[in-house]
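After the sequence you'll find the predicted model.
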Amino acid sequence: MASGRTNQALARFGEQTAAQFLEGLGWKVLQRNWRCRWGEVDIVALEPTADTLVFVEVKCRRGLGFGHPLEAITHEKAARLRALASQWLRETGRTASAIRLDAVAVLVSGSGPEITHVRGIGAL
């Protein structure tokens, strides 16, 4: 049970760190942890300079023992994120000039989190 709480705390930390990183880029976080019966979107954000809605998958790890966090984003995961983005758009009625899927990896180390942001992990 303790490791489950530890994993949840790490995931929350990763998502909070990613949200702050994106806000630091001037993005507006519209929603976090949006859920429907098919899954969850970690972050939905607006990149205002490009009028782009961005659906962000966040992966956080404490080390590289199981590989870099981005390695956990498979083709299947990207396809699920595309489907969830489409569902979010249908449910909210929100529009933008463009829609994109991104990934943010947070690698936690003694010197602080290392953030890797990958734009365009899959086309919609």
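On my side now, so go ahead. Because the structure is predicted, anything quoted here is derived from the model rather than measured.

contacts and neighbour counts: CA atoms only from here.
Noted.

shaky segments in the chain?
1-4, 122-124 (pLDDT under 70).

Run through the strands of it in chain order.
Using DSSP state E, the strands of the chain run over 28-36, 39-47, 52-61, 98-107, 114-122.

Can you tell me which of the ones you listed is packed in deepest?
Across the strands of the chain, the average number of neighbours (mean count of other Cα atoms under 10 Å) peaks for strand 52-61, which reaches a mean of 24.

Within the sheet, what are the partner strands of it, with directions?
The pairing partners recorded for strand 52-61 under DSSP bridges are strand 39-47 (antiparallel), strand 98-107 (parallel).

just so I know, which of those strands lies nearest residue 67?
Checking the strands paired with strand 52-61 against residue 67 by Cα to Cα gives strand 98-107 as the closest, at 10.5 Å.

For the closest residue to residue 113 other than its chain neighbours, give me its contacts.
Nearest residue to residue 113 in three dimensions, chain neighbours excluded: residue 107, at 5.5 Å (Cα to Cα, 6 or more residues apart in numbering). By Cα atoms under 8 Å, 6 or more residues apart in numbering, the residues touching residue 107 are 60, 61, 62, 63, 68, 69, 113, 114, 115.

Okay, and the beta partners of residue 107?
As for beta bridges, residue 107 partners with residue 61, residue 114 under DSSP bridges.
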